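# Dropping the sequence and predicted coords here.
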Amino acid sequence: MEFFLQLLVNGICVGLLYGISAMGFVMIFKSSSVLNFAHGELLALGAFFFLSLVTWAQLPVYIAFILTMVGCFLLGFLIEKFFLRPLIGEKLIFVIMLTVGLAAMFKGFILLVWGGNLQTYPEFLPQTMAMQFGSVYVAPVYTATLIISVIFLVAFGIFFKKSSQGIYMRSVADNQKAALSLGVHVRRVFALSWAIAALVACMSGIVLGIINGVNVHDLSSIGLKVFPVVILGGLDSIGGAIIGGIIIGLLETFTGGYLSPSLRDVVPYIVLVFILMVKPYGLFGLVEIERV
Amino acid sequence: MKMDKLSFHPCGNYRETYEQELNIFETDFGRLWMGIFLGLLFFVAPFVLSPYMLYILNTIGIAAIAAIGLNILIGYTGQISLGHGAFFGVGAYAAAILATRLGLGFYVAIPAAGIITAMVGMIFGIPSGRLKGLYLTIATLAGQFIIEYVLIQWESLTKGTMGITLPSPEIIGWQISGDRMFFFLIFISLVCMTWFAVNIIRTKYGRAFIAIRDNDRAAEGMGIPIFKYKLLSFGISSFYAGFAGALWAYYMVSITTEPFNLGLSVEYIAMVIIGGMGNIPGAIFGATFITLLNELLRFVTGALMNVPAIASMGLNMAPLREFVFGLAIVLFILIEPKGLAEIWRIIRSSFRLWPFSY
């Protein structure tokens, strides 16, 4: 029972991480219906940037954090401006392949600059954030993750439902041409959504880095694990990303704990294929009825 | 056929019948050049080139077969597969297992491996029946990981990380081994596969694929059973991947699970995009480009490692390959999305129209 509880808590914590990693991804999909295969590399870029600021430049943590945020926001803008803007209106396959190419570029760049070894951040989270429920221990990072994901969830919920920019984003995602003809500034919407998504990505990269250490290969594989998460939750649902993340996280830890550790990394993809066959729009995704 | 004389290309489009539209060679000049090219390829190249050059040519040939298959799926049917690296692996393993366990000859094992891969591929193609566009890409991404896992974990069949060693292929007591012999095996296969691909595009199946790519709703409206054709296209393209994988397994003699990762899948897609989507010769151009780029980068990074200044800084130059590779994909998409085939066409037509081009 204790083992079960520990697995349960671990699963939820890992799942929350997947959830917040997936949020940036959903953000981009929601506003521009682009599947971003470079998401894992964006996570890694944020994590490494923060690492350099903290260990090499010796900046205080909160300044480094703010600088990373600003840097990633700008990076998102630049990616959109130089790589994705020329492709507005092009076929989807070009956009997808472009992100695949970007992923390879970023990965090569990170490996060149920071190398492929595992690196760790210095300790900076206060121990008071740790929680103890009976025999189950929750590390401070996980508490921080929970807080961060709730903040983001609420903020994005309000942003997409209430703010005008959020509504523009939804309209662009729904129908680019119609939005354009109604006077929505599509280019600005794209730029903003990439910037925000990059920001969210780097945030989750930092959180992941605190827990597992920073390593390009791990982070880029998490970038791919985002796919089962978002498909399960529904490609365009931010709340769904969190719930999907938790389900996938639980599934992984339980398979790892009870069945076999090697199956752990593949289970999400097996589930993915089943969901695609049975309920392709996921739990909370918008169902497009089109029988073609 | 009116154009069937030894004439030059006309400057405009003077086709009058559908048959002319469907011609593979517009003029006999094209046929002649193709004949000369094939003659040089088969009767001169293997006897003058060094073993290293032959090895590169063979690698290009194998990659080209897989890329042609993927082009049928991506370029003609408009579905994206991110699992072709794994399908290539399935072909390689299928051939290896058929050859070692059942003792089948290569002339049976290679096509059989293709068929097995086609069936495996179609399983992952099923989601395309319900959904369009991106979902198939994601399903094949899952396929990539699941197949990799199965290849590593199903030890009783695949010997896991130990790998399998294949016997050298033999036909009527005649052993095929060495780069030159494999050159003939690979390039005869490539010519057959190219011929098959070019022709399937001219049949009703090819036209259905193109219709689905251009507008799936209209295609359905005209009575094309979309699911069936998407699955068929997926099967054909997996067959090509499996066939190429089987050839590769024989060529490499011993295979392990490592090479069949997501990176390989991306490489094949890069070949299709860089070569030119919806263009069979384009796939061959793309395969050539990527293989040469790979070799060149290996050479350059190797040379850079030996420069004392870089070596002493402790910089690892190997990731440069990945970077340049990604850059090549990005630049082609941004600058020439129709790929090398389009560049080739522009060069040719500018020669043809030379003094009086518009």
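Noted; the coordinates are in hand.

# Please, where are all the strands along the stretch 51-200 of chain A?
For the stretch 51-200 of chain A, applying DSSP state E, counting those that start in this stretch gives strands covering A:131-133, A:136-138.

# All the strands of the stretch 201-350 of chain B, in order from the start?
Remark: strands of the stretch 201-350 of chain B, listed N- to C-terminal, are B:254-255; assignment by DSSP E, counting those that start in this stretch.

# Show me which residues of it sit near chain A.
B:216-217, B:220, B:226, B:262, B:266, B:269-270, B:273, B:277, B:315-330, B:333-334, B:337 (C-beta under 8 Å from any C-beta of the partner chain). No exception for glycine: its C-beta is placed from N, CA and C like everyone else's.

# So which of those belong to helices?
B:216-217, B:220, B:226, B:262, B:266, B:269-270, B:273, B:319-330, B:333-334 (DSSP state H).

# what pLDDT does the most centrally placed residue in chain B get?
For chain B, the residue nearest the mean C-alpha position is B:Ala67 (1.6 Å; C-alpha atoms, centre = their mean). In the predicted model, B:Ala67 carries a pLDDT score of 93.

# wait, is it part of a strand?
No. Per DSSP: H, G, I helix; E, B strand; the rest coil, B:Ala67 lies outside any strand segment and is helix.

# Against chain A, how distant is it?
Summarising the geometry, the distance separating B:Ala67 from chain A, computed by C-beta to the nearest C-beta, to the nearest Å, is 14 Å.

# Which of the helices and strands in chain B ranks last by mean pLDDT?
The element with the least model confidence among the helices and strands of chain B, by mean pLDDT, DSSP states H and E, is helix B:308-313, at a mean of 65.

# Which of the residues of the stretch 201-350 of chain B next to chain A are buried, as a PyMOL select command?
In PyMOL, this line selects whichever of those come out buried by 16 or more other C-beta atoms under 10 Å in any protein chain shown:
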select buried, chain B and resi 216+220+226+262+266+269+270+273+277+315+316+317+318+319+320+321+322+323+324+325+326+327+328+329+330+333+334+337
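
# For A:Leu251, grab the count of nearby residues.
If you count neighbours by other C-beta atoms under 10 Å in any protein chain shown, A:Leu251 ends up with 19.

# same question, the one 5 residues further on
Look at A:Gly256: counted by other C-beta under 10 Å, it has 19 neighbours.

# same check, this time on A:Gly240
Applying the criterion other C-beta under 10 Å, we find 24 residues in the vicinity of A:Gly240.

# averaged over its residues, what pLDDT does whatever helix or strand it lives in have?
In the assignment (DSSP states H and E), A:Gly240 maps to helix A:238-254. The predicted model gives helix A:238-254 an average pLDDT of 86.

# Check stretch B:168-184 too.
On average, stretch B:168-184 scores 75.

# what sits up against it?
In this structure, residues lying in contact with stretch B:168-184 by C-beta atoms under 8 Å, 6 or more residues apart in numbering or on different chains are B:42, B:45-47, B:51, B:54-55, B:57-58, B:61, B:105-107, B:185, B:250-251, B:253.

# Check stretch A:25-39 too.
A:21, A:24, A:42, A:84, A:92, A:95-96, A:99-100, A:102-103, A:106, A:156, A:160, A:169-170, A:172-173, A:189-190, A:193-194, A:196-197, A:200-201, A:223-224, A:226, A:230, A:233, A:235-238, A:240-241, B:134, B:137-138.

# Only alpha carbons, please: show stretch B:201-218 as CSV.
As requested, C-alpha coordinates have been extracted for stretch B:201-218 and formatted as CSV (Å, rounded to 0.1, in the frame of the first residue of the first chain):
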residue,chain,number,x,y,z
ILE,B,201,1.6,7.2,-60.4
ARG,B,202,0.3,7.0,-64.0
THR,B,203,-2.4,4.4,-63.1
LYS,B,204,-5.7,5.0,-61.4
TYR,B,205,-4.1,4.3,-58.1
GLY,B,206,-1.6,7.1,-58.6
ARG,B,207,-4.3,9.5,-59.7
ALA,B,208,-6.4,8.6,-56.7
PHE,B,209,-3.4,9.4,-54.4
ILE,B,210,-2.9,12.8,-56.1
ALA,B,211,-6.6,13.5,-55.8
ILE,B,212,-6.5,12.8,-52.0
ARG,B,213,-3.5,15.0,-51.6
ASP,B,214,-5.0,17.9,-53.5
ASN,B,215,-8.5,17.9,-52.0
ASP,B,216,-9.7,15.0,-50.0
ARG,B,217,-13.3,16.1,-49.8
ALA,B,218,-13.5,16.5,-53.5
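
# buried residues in it?
By 16+ other C-beta under 10 Å, the buried positions in stretch B:201-218 come out as B:201, B:205-206, B:208-213, B:216.

# Now flag whichever of those is closest to chain A.
Of all these, the one sitting nearest chain A is B:Asp216; the distance, using C-beta to the nearest C-beta, is 5.0 Å.

# so how far is A:Tyr121 from that closest one?
Between B:Asp216 and A:Tyr121 the distance, using C-beta to C-beta, to the nearest Å, works out to 49 Å.

# That concludes my questions; thank you for your assistance.
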